[in-house]
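Asker: Structure for the following, please:
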Amino acid sequence: MHTDLSIDLSDEYIRNLARSGLDKFIASVDGATQDTNEKYRRGGNLSLVRNNMERIQAEKRALGLETPEMIWKFPVFRHNEPEIATARTTYK
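Answerer: So this is what the prediction gives:
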């Protein structure tokens with residue numbers, strides 16, 4: 001599954017996603033700051049993306065699950081290239 005996670009997910013949705021049986025879950029992060037993220041993902045909310053990623057990981061831990069593996073993708077463009085190092089340390 002591939003998404004930008006820039007939507008408000010309910011607790012039930014997070015639980016169902018963690019239990020879904022997916023092997024991998026890919027989340028696009030298009031900038032390390034809100035301003036840069038919005039240059040590509042118009043209307044995207046970077047703090048919401050990060051919160052959703054953290055909630056999914058927390059639910060997996062609570063359920064003792066290894067999957068779905070959370071992978072974050074950072075498509076590199078001229079406007080976000082200076083943020084690669086910050087993204088790497090922020091989204092481990």
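Asker: tell me, what residue is most central in the protein?
Answerer: Ala27 (4.1 Å; Cα atoms, centre = their mean).
Asker: In the protein, where is pLDDT below threshold?
Answerer: Applying pLDDT under 70 to the chain picks out residues 92.
Asker: can you pull out the strands in it?
Answerer: 2-3, 24-28, 69-73 (DSSP state E).
Asker: Need the winner for burial among these.
Answerer: Most buried of the strands of the chain by mean neighbour count (mean count of other Cβ atoms under 10 Å) is strand 24-28; its value is a mean of 17. Backbone N, C-alpha and C define where each C-beta goes, glycine included.
Asker: From the contact counts, what lies against it?
Answerer: Strand 24-28 sits against strand 2-3, helix 46-63, strand 69-73, with contacts defined as 3 or more Cβ pairs under 8 Å, 6 or more residues apart in numbering; DSSP states H and E.
Asker: So what touches it?
Answerer: With Cβ atoms under 8 Å, 6 or more residues apart in numbering as the contact definition, strand 24-28 has outside contacts at 1-5, 17, 41, 49, 52-53, 56, 67-75.
Asker: Stretch 66-75 now?
Answerer: Contact partners of stretch 66-75, identified using Cβ under 8 Å, 6+ apart, comprise 1-2, 17-18, 20-30, 40, 53, 56-57, 60, 80, 84, 87, 91.
Asker: Just the buried ones from those residues, in ChimeraX syntax?
Answerer: Per 16 or more other Cβ atoms under 10 Å, the buried members of these correspond to this ChimeraX selection:
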select :17,18,25,27,28,29,30,53,56,60,80,87,91
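Asker: do you know how far Ile7 is from Ala27?
Answerer: In this view, Ile7 and Ala27 are 12 Å apart by Cβ to Cβ, to the nearest Å.
Asker: Now for those two: what residues contact both?
Answerer: With Cβ under 8 Å, 6+ apart, Ile7 and Ala27 have common neighbours Asn52.
Asker: Not counting sequence-adjacent ones, nearest residue to Gly21?
Answerer: Thr67 (7.6 Å; Cβ to Cβ, 6 or more residues apart in numbering).
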